[in-house]
Structure formats: C-alpha cells, structure tokens
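In: Here is a sequence together with a model predicted from it:
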Amino acid sequence: MAGSSQVDLTHHLSTETRLRKPNPMKAIWRLTRRKADMISLANGDPHFTLYPIRKLEFEVASVEDGVLDPVSSWRGAGASAPSQSFTTTTHSGTLPLKAAMQYSAGAGLPDTQRVVTDLTNFYHSPPDHVVTLTLGNGDGVSKCFRLLGEPGDHFLTDEFSFSSLTNAPLSHGINWVPVKIDNGGLVPEELERILSNWNEEQQGRRPHVLYTVPCGQNPTGCTLSVERRRKIYALAQRFDFIIIEDDPYYYLQYDADGNEGETFKFMPSFLSIDVDGRVMRVDSLSKVMAPGMRLGWITSSALFHDHLVTLVDSSTHHPHAFGQVFLTEMLSSSGWNISGFDRWVRSLRKEYQRRRDYFLRTFYQEVSRTGLASANAPEAGMFVWMKVHIDKHPRYRSDVQHTNGSKAKTNVEELMEELFERILDGGVVVMPASIFVAPSDLNKFDSDDPIQDRLNFLRLTFAGQEETMQPALARLAQVLKEFFADTK
Ligand SMILES: Cc1ncc(COP(=O)(O)O)c(C=O)c1O
C-alpha cells in the first residue's frame, strides 16, 4: 500500500484462509462497475421493479441542538418525545432501495462502508485501515478467529473472558492461554511472562493472537488504561501477535477525575495506535442502537479485509439491506449525521453512568453492608463484578486435596456452585464466574494460583430496569446472609 507503514503479516493467516478461493462469480459481478454504461446479462439479479417494497420510513430520537440530553428526552417523554424522520424510496434517499436491495459485495454496500469509515475516522483516526461490515461483534470476532486460527494454535485472552466467543474457535482446534487480570484488566507483565517463557519445542507455535475487550470488559467490567494499551501494543510488535479488539462498550465509558462532562474524551483504542496493521477492531451497534440490528464492522489492514471479504463472498454475501439503509441514512445529513451520533452516544453514556451509580448505591446499601460481598465501580460497560468474601463462610477450606487432578487448594468452586443455586432459589439470576473461565488446559498454565480458587465472583448487570434493581439486590443480600449462616 503506497505510503503505508504496515508490515507484512501474511504469516498470521490460517490454512483455511489461504486455501479459500475468491468467489469467481463475484469477480465477474464486480466487472459490471467497470464502465458507467455497462449492460449486465451476467447475474440472476431480480429487477428492482419486482421488489415488493418501495418505501421505508424511519422515526428516530431527535439529536438536534435544541435537545439538550437526547437520551433522557427520548425515554422520558414517551410518544411525544422529540423525533426526527427520514424516508428512503426506490429512487430517493442517501441509499435508494433500487441499489440497496440488490446483491452487494462482502464488505457491505459501498455507501454504508463509506459512512462507517467516516465514523471510525472520527473516533479512532486509524493510520491505514479498511472497514468490513458484519452482523455484529459475535459474527465479527468469530470471523477474525477463522481468519487467523490454525488447528493446534494457542490464542491469548483475559483469564475471565466473554465465553460466548472464547467458545467459538474450540471446534477449530484453537487452545486458549489465560492471561492474569487485576482491577485494571489484563496485566501486560503477565502477557510478557507467558510469551517470553513460551517453549515452541514443547508447547508448539507461540500464541499469535490476543482476543481482548478493552472497555468495560465482559465479565469483569475492567477497562485498560492508556498506559496498558501502549504496553500491550509494544508486546504485540515484539512478539508478533495480532490484537482482536472487541469493543462493543467503547461508547459507554464513564467520567473519571479530570475527564468528565461535555469535554469527556474517549479512551484511545488499540486501533488508533496501530501502525503495523496488527489490530483488528470489532465494533457493534448492539449497545448503542439495538442488539436486534445485527450490524457491526471490522476495521483492519487491507490484507485482512480482502480475506474477510472473500469469506463473506462465499457465505452470507453481506449484511441485510434494511440495516444498511438505516445506518447509512442515520449517519448522513438525512439523519443524525456523525455529529448527531456523537451527541447520542455522549448522552447514552451519561444515562448508563446514572444507572451504574444507582445500582452501586443500592448495592452498597443492601449487599456491601452484610460484609459478605463487595464491588468496584466499573469505568465502562454494563457489568459489576461482585466479589463474594467466600473465606468468611463457615465451611470454607484452604487445605483441600482434590482427587480429580485439579490443583485447587480450596473448596471455593463447590461453595460458589451451592451459592448460585441458592440465589436462583431466592428468585434472582446472576452469571457465575465459572462460566467465564477461559477454556484451557489449566494445569499447563495455572499451577501456583489456580483459577478454581478465585471463582468467588458473580457478574451483575445494571443495564436493565431500575425498578427491579433494589428488590433483586435485597434478595441477593438475604440469600448471602442465610448462606453464610449455614454450617450444615
Ligand atoms: C464482549 C462482547 N463481545 C461481543 C458481544 C456480542 O455483540 P453483538 O451483539 O454485536 O454480536 C457482546 C455482547 O454482549 C460482548 O459483551
């Protein structure tokens, strides 16, 4: 790429990716754009006059200047909330249905790709990257895994991580290597220790992919500081690994000392510091618009982009037109524009921050008071990682010898399983830490400080109904009191 400082990272591609051939029919299909007056007798494209649809009307929250706090105006005023409307028809709109509803390329509709590129430039100014539309981050991240993962490979991730996705590449023969975390998320020194001690003769190829969630990590709620991001990126360059930056909570970052209010600055992403082309950033509309949108995008080097497109060209072809039309109109002057999107997400982060604060106040009153559990305030995202002070339980043991090969020294795992059932009986559903343990051969990576001895956490969310938070936390506190009083 002319003027690009990106390095050649071809050796990270999986065999599946290298073997995949571009879809030959898509190659012919692209030729229809070679000249303005090209006539195509090539494709089985239904004629647009036969689409049984000619108009889409959207009514969305108003983000106009007069609306001071778009999110609270929208949710507070119900049907009379200020709104904006726009219409797309067969021949009119930023992305008319005539074009939008036709088959397109794996990268997404060119107009949609353009507005999403503008959005990415606005927040991250990536040096030299290209956007590929996806069906959200679940889709985006699992495509990255396939792009890079070879059976027998080891990938790195936070020791507690988003199991929906760490589960995905297991059937492709990927092994996970858990990296220790603390309150600030993934610890760079631990990452360095693992990589410098890696013995390729005994352990196979050194891990060449890190999957991480830098803001409001799921499940722990941790956010990586700028300093840690820079250290991790330097390690990626030194040990030659790719960073998959799964960042659905980027816009839900909360005030911190000296960074608050109208001038709030979003944390620099890994993408924004990526000079080599070794970051694959994965963005989603699920948390800032609606999960049912099933729309997101990957921002990567042109090399990875081309291979992603080849994968999509021979499978799903591209995301649905309805979402792409909506997004294109929203991010153009017919809708919110990027400045309006920015107003919305800034207002949204305040709304989630208010919910977080309400949740934590209630948590401190109801749960912390028992002295049996505690929690830190997350700096981003939707989750509180509640620590259960399990060592206060009368049946807690720290001298256990397991017969099943586990190196755990305590009975934390058993006690937490019991507590989970009791909480369910008490009428509350929570996520136990055990389901987020990065799936790995623990005995290989985790001998001195087994994760089974550190499963005394529960993931709680403050994303839902405020009205149910207080009764849920009161029930949780009651269950904890009864459980800890139980000597059996
Ligand atoms: C870390 C993380 N990645 C990915 C996803 C899935 O996102 P999407 O709805 O865009 O597929 C979630 C959703 O909860 C998430 O927390």
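Out: Received it, and whenever you're ready, just let me know what you need.

In: buried set for the helix or strand harbouring Leu476?
Out: Element membership for Leu476, per DSSP states H and E: helix 466-484. Within helix 466-484, the residues scored as buried using 16 or more other Cβ atoms under 10 Å are Met469, Gln470, Ala472, Leu473, Ala474, Leu476, Ala477, Gln478, Val479, Leu480, Phe483, Phe484. Heads up, the C-betas are built off the backbone N, CA and C, glycines and all.

In: ditto for stretch 193-205
Out: Of the residues in stretch 193-205, those with enough neighbours to count as buried (16+ other Cβ under 10 Å) are Ile194, Leu195, Trp198.

In: swap in stretch 154-171?
Out: Neighbour counts over stretch 154-171 (16+ other Cβ under 10 Å) mark 154-163, 165-166, 168-169 as buried.

In: returning to what we had before: in TSV, list the buried residues of helix 466-484 along with distance to Leu97 and pLDDT.
Out: Below are the buried residues of helix 466-484 laid out as TSV (distance: Cβ to Cβ, whole Å; pLDDT from 0 to 100):
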residue	distance to Leu97	pLDDT
Met469	43	96
Gln470	47	96
Ala472	45	98
Leu473	48	98
Ala474	51	98
Leu476	50	98
Ala477	54	98
Gln478	55	98
Val479	54	98
Leu480	56	98
Phe483	58	97
Phe484	61	97
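
In: Pick out the most distant pair among those.
Out: Greatest spatial distance in the buried residues of helix 466-484: Met469 and Phe484, 22.3 Å, computed using Cβ to Cβ.

In: rewinding a little: among the buried residues of stretch 154-171, which lie within strands?
Out: His154, Phe155, Leu156, Thr157, Asp158 (DSSP state E).

In: which strand residues sit across from the fourth one in the sheet?
Out: Here Thr157 sits in beta bridges with Pro178, Tyr211, going by DSSP bridges.

In: Show me how far stretch 55-71 is from its chain's centre.
Out: With Cα atoms, centre = their mean, to the nearest Å as the basis, stretch 55-71 stands 26 Å off its chain's centre.

In: Domain map for this protein?
Out: 11-89, 105-335, 344-484 (automatic domain parsing).

In: Of these, flag the one that's most buried.
Out: Of all those, domain 105-335 carries the top mean neighbour count, a mean of 20, counting by mean count of other Cβ atoms under 10 Å.

In: So for that domain, mean pLDDT?
Out: Regarding domain 105-335, the rounded mean pLDDT is 96.

In: and it, how far apart are its ends?
Out: Taking Cα to Cα, to the nearest Å, the first and last residues of domain 105-335 lie 24 Å apart.

In: right, is that domain up against the ligand?
Out: Yes: counting by Cβ under 6 Å from any ligand atom, contacts between domain 105-335 and the ligand involve 136-138, 162, 165, 213, 218, 246, 248, 284, 286, 291, 296.

In: and if you look at stretch 377-392?
Out: No: remark: stretch 377-392 sits outside contact range of the ligand, by Cβ under 6 Å from any ligand atom, the gap being at least 7.9 Å.

In: can you map out the strands along the stretch 1-150 of the chain?
Out: With DSSP state E, counting those that start in this stretch as the criterion, the stretch 1-150 of the chain has strands at 55-61, 83-89, 130-134.

In: what's the angle between the first one and strand 83-89?
Out: For the pair strand 55-61 and strand 83-89, the angle between their directions (axes from the mean of the first three to the mean of the last three Cα atoms, to 10 degrees) equals 160 degrees.

In: So which other helices or strands are in contact with strand 55-61?
Out: helix 70-76, strand 83-89, helix 321-330 (3 or more Cβ pairs under 8 Å, 6 or more residues apart in numbering; DSSP states H and E).

In: and after the longest one, which helix or strand comes next?
Out: From helix 321-330 onward toward the C-terminus, using DSSP H and E, the following helix or strand is helix 337-366.

In: who does that next one touch, helix- and strand-wise?
Out: Counting by 3+ Cβ pairs under 8 Å, 6+ apart, helix 337-366 packs on helix 70-76, helix 110-124, strand 383-388, helix 466-484.

In: and the two most separated of the residues of domain 105-335 next to the ligand?
Out: When the residues of domain 105-335 next to the ligand are compared pair by pair using Cβ to Cβ, the farthest-apart members prove to be Val213 and Pro291, with a separation of 16.3 Å.

In: so who does Asn137 touch?
Out: Under the criterion of Cβ atoms under 8 Å, 6 or more residues apart in numbering, the contact list for Asn137 reads Asp246, Pro248, Val282, Asp283, Ser284, Ser286, Gly296.

In: just Val400 next, same as before
Out: Counting by Cβ under 8 Å, 6+ apart, Val400 makes contact with Ala408, Lys409, Thr410, Asn411.

In: can I get the residues you listed in TSV with distance to the ligand?
Out: Rendered in TSV, the data for those read as follows (distance: Cβ to the nearest ligand atom, whole Å):
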residue	distance to the ligand
Ala408	27
Lys409	31
Thr410	29
Asn411	30
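
In: And these, which two are furthest apart?
Out: Longest span within the contacts of Val400, Cβ to Cβ: Lys409 and Asn411, 9.2 Å.

In: Just give the closest residue to Lys265, not the sequence neighbours.
Out: For Lys265, the nearest residue in space outside its immediate sequence neighbours is Asn259; the separation is 5.7 Å by Cβ to Cβ, 6 or more residues apart in numbering.

In: Phi, psi for that neighbour please.
Out: Main-chain dihedrals, Asn259, degrees, to the nearest 10: phi -140, psi 80.

In: That one pairs with what?
Out: For Asn259, the residues forming beta bridges with it (DSSP bridges) are Ala256.

In: Is it correct that Ser284 is in contact with Gly140?
Out: Yes: using Cβ atoms under 8 Å, Ser284 is in contact with Gly140, at 7.4 Å.

In: where do the contact lists of the two overlap?
Out: Residues within reach of Ser284 and of Gly140 at once, by Cβ under 8 Å, 6+ apart, are Gly296.
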